[in-house]
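K.L.:
only geometry, no sequence info:
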């Protein structure tokens, strides 16, 4: 076994917790994976990791469209020896590379809508994506129909041209390697039907083969990129479960895009997702695999309880709540993640809570050190709530880890969700 390949070195129960070693980094599960969308998001993570031992927050997922602006300055300077107060510039990043697991998510779902412009900010792109973006930019304002037509053509090219498919895989994996990825993620388009399910299966297989050629010391995951409509298609979901179960690959990454199962009317979707989690639980209990769920949103806690080893979210919980004004306006105050409610709450609510209780509803060091909450300006507040969010998810992972060891997880998790504002989510456990 090469040093970068997955090894389960300690398994303390049928599902969780376990300790996984990959690329000489030991990851305790369950583990919360932060998804920084901009440079200072990642800087915040590095700063907290320098100050605190957050063992259950040791993984990072950076989208390919964001990787250039987040990682290139740090990688460029990592070997510089300019000293500031006897410390290396970007020393936090240097330390993180030796400790934290990094994934680079190709995030091809952005090509299928108006968010394709996110890729224009990144000069480190495969030829095929550059060509796709340039074709769209020939129209100053492409319509949704134009984008859909171009995207379908992009997918069809991957389906029909094996040589192009291999070139695309090789280009993407080489970029991920440049960005210090510990695990390769295949460039999978959104799985929406049997054709794209078959394509994803083919790309996963070929990505493992290409990995052996360009860097056999890195493990390549199987990746499944789904939208919420997959929960209405038994064939697609069963196909994903079958691939995960039967594959010899040890690492599997799943992403449900824009999924929020709390709404009352999503009864059938919750039932399907619960069945999916039951299968994940069985697979994890009977195999030495590492199962990762990206952009888990409101499903983060039950998905971890049921068997995912690593779960990710952005600092705004994958937009399961919005900012106070303007649906994400940069001039607004970000929501505060309420640990017992398990949802975001607006600043005025937290101010009232503080006025009544003389404390915040969280005992993390970030919240306990905060004073004069009513006088905090927007930038300071927004930085604070992101730090607090990271600690909140850390505590949830630690709770699940400890409860598994005490054989008290299922009852405790259901009770925690009953006391939260995520009443419907408890059905998933």
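P.N.:
Now that the structure is in, tell me what you want to look at. These numbers come from a predicted model, not from an experiment. Residues are numbered from 1 along each chain as shown.
K.L.:
I'd like to know which helix or strand in the protein has the lowest mean pLDDT.
P.N.:
strand 83-84 (a mean of 46; mean pLDDT, DSSP states H and E).
K.L.:
any idea how far the host helix or strand of residue 350 is from the chain center?
P.N.:
For residue 350, the host element (DSSP states H and E) is helix 347-357. Centroid separation between helix 347-357 and its chain, computed with CA atoms, centre = their mean, to the nearest Å, is 31 Å.
K.L.:
and for stretch 17-32?
P.N.:
In terms of CA atoms, centre = their mean, the centre of stretch 17-32 is found 16 Å from the chain centre.
K.L.:
end to end, how far does that stretch reach?
P.N.:
Distance between the boundary residues of stretch 17-32 (CA to CA, to the nearest Å) amounts to 13 Å.
K.L.:
buried set for that stretch?
P.N.:
Buried residues in stretch 17-32, counted by 16 or more other CB atoms under 10 Å: 17-18, 20-23, 25, 27-32. Heads up, the C-betas are built off the backbone N, CA and C, glycines and all.
K.L.:
got those residues as a markdown table, with distance to residue 98 and secondary structure columns?
P.N.:
Output for the buried residues of stretch 17-32, formatted as a markdown table (distance: CB to CB, whole Å; DSSP: H, G, I helix; E, B strand; the rest coil):
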| residue | distance to residue 98 | secondary structure |
| --- | --- | --- |
| 17 | 22 | coil |
| 18 | 21 | strand |
| 20 | 16 | strand |
| 21 | 13 | strand |
| 22 | 13 | strand |
| 23 | 10 | coil |
| 25 | 8 | strand |
| 27 | 13 | strand |
| 28 | 16 | strand |
| 29 | 20 | coil |
| 30 | 22 | coil |
| 31 | 17 | strand |
| 32 | 19 | strand |
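K.L.:
doesn't residue 20 make contact with residue 219?
P.N.:
No. Residue 219 is beyond contact range of residue 20, at 10.6 Å (criterion: CB atoms under 8 Å).
K.L.:
what sits in contact with each of the two?
P.N.:
residue 6 (CB atoms under 8 Å, 6 or more residues apart in numbering).
K.L.:
coming back round to it: from the buried residues of stretch 17-32, pick the one nearest residue 113.
P.N.:
residue 32 (27.6 Å; CB to CB).
K.L.:
now that closest one: closest residue in space, sequence neighbours ignored.
P.N.:
residue 393 (4.2 Å; CB to CB, 6 or more residues apart in numbering).
K.L.:
quick one, phi psi at the one you found?
P.N.:
For residue 393, the backbone dihedrals (degrees, to the nearest 10) come out as phi -70, psi -40.
K.L.:
how close does it get to residue 34?
P.N.:
Applying CB to CB, to the nearest Å, the value for residue 393 to residue 34 is 8 Å.
K.L.:
quick check: neighbours shared by those two?
P.N.:
Residues touching both residue 393 and residue 34 (CB under 8 Å, 6+ apart) are 57, 313.
K.L.:
confidence-wise, which of the buried residues of stretch 17-32 comes last?
P.N.:
Ranked by pLDDT, the buried residues of stretch 17-32 bottom out at residue 17 (75).
K.L.:
returning to that earlier point: need the buried residues of stretch 17-32 in a markdown table (columns: distance to residue 168).
P.N.:
Shown next, in a markdown table, are the buried residues of stretch 17-32 (distance: CB to CB, whole Å):
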| residue | distance to residue 168 |
| --- | --- |
| 17 | 37 |
| 18 | 34 |
| 20 | 29 |
| 21 | 31 |
| 22 | 25 |
| 23 | 25 |
| 25 | 28 |
| 27 | 29 |
| 28 | 35 |
| 29 | 32 |
| 30 | 33 |
| 31 | 30 |
| 32 | 31 |
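K.L.:
show me the helices in the chain, by range?
P.N.:
39-51, 64-77, 91-97, 127-137, 144-160, 162-178, 194-214, 234-246, 267-286, 300-306, 347-357, 365-368, 378-405, 409-418 (DSSP state H).
K.L.:
what's the angle between the longest one and helix 409-418?
P.N.:
The reference is to helix 378-405. 150 degrees (axes from the mean of the first three to the mean of the last three CA atoms, to 10 degrees).
K.L.:
could I get the pLDDT score of the residue nearest to residue 32?
P.N.:
96.
K.L.:
just residue 253 next, same as before
P.N.:
The model's pLDDT for residue 253 equals 98.
K.L.:
hmm, back to that, and the helix holding residue 350, average pLDDT?
P.N.:
The model assigns helix 347-357 a mean pLDDT of 94.
K.L.:
mind listing what's buried in that helix?
P.N.:
Result for helix 347-357 [16+ other CB under 10 Å]: buried residues 347, 350, 353, 354.
K.L.:
so what secondary structure elements neighbour it?
P.N.:
If contacts are counted by 3 or more CB pairs under 8 Å, 6 or more residues apart in numbering; DSSP states H and E, helix 347-357 sits against strand 336-338.
K.L.:
what do you get if the cut-off is 10 Å, keeping everything else the same?
P.N.:
The elements that helix 347-357 packs onto, with contact taken as 3 or more CB pairs under 10 Å, 6 or more residues apart in numbering; DSSP states H and E, are strand 336-338, helix 378-405.
K.L.:
spit out the contact partners of residue 398.
P.N.:
Taking CB atoms under 10 Å, 6 or more residues apart in numbering as the criterion, residue 398 is in contact with 28, 30, 32, 54, 55, 56, 57.
K.L.:
again, 8 Å this time
P.N.:
residue 56.
K.L.:
distance of the residue nearest to residue 173 when sequence neighbours are not counted relative to residue 426?
P.N.:
Leaving out its chain neighbours, the residue that sits closest to residue 173 by CB to CB, 6+ apart is residue 184, at 5.1 Å. Applying CB to CB, the value for residue 184 to residue 426 is 36 Å.
K.L.:
starting at the chain centroid, how far to stretch 114-127?
P.N.:
How far stretch 114-127 lies from its chain's middle: 19 Å, per CA atoms, centre = their mean.
K.L.:
run a quick neighbour tally on residue 375.
P.N.:
Residues lying near residue 375 (other CB atoms under 10 Å) number 7.
K.L.:
now residue 216
P.N.:
Around residue 216 there are 12 residues (other CB under 10 Å).
K.L.:
can you check residue 98 too?
P.N.:
For residue 98, the neighbour count with other CB under 10 Å is 9.
K.L.:
residues touching it, list them.
P.N.:
Contacts of residue 98 (CB under 8 Å, 6+ apart): residue 25.
K.L.:
what residues are up against residue 302?
P.N.:
So residue 302 contacts 277, 413, 417, 425, 426, 428, 429 (CB under 8 Å, 6+ apart).
K.L.:
mind doing that once more with 10 Å?
P.N.:
Contacts of residue 302 were listed using CB under 10 Å, 6+ apart, and they are 261, 273-274, 277, 296, 308, 413-414, 417, 422, 425-429.
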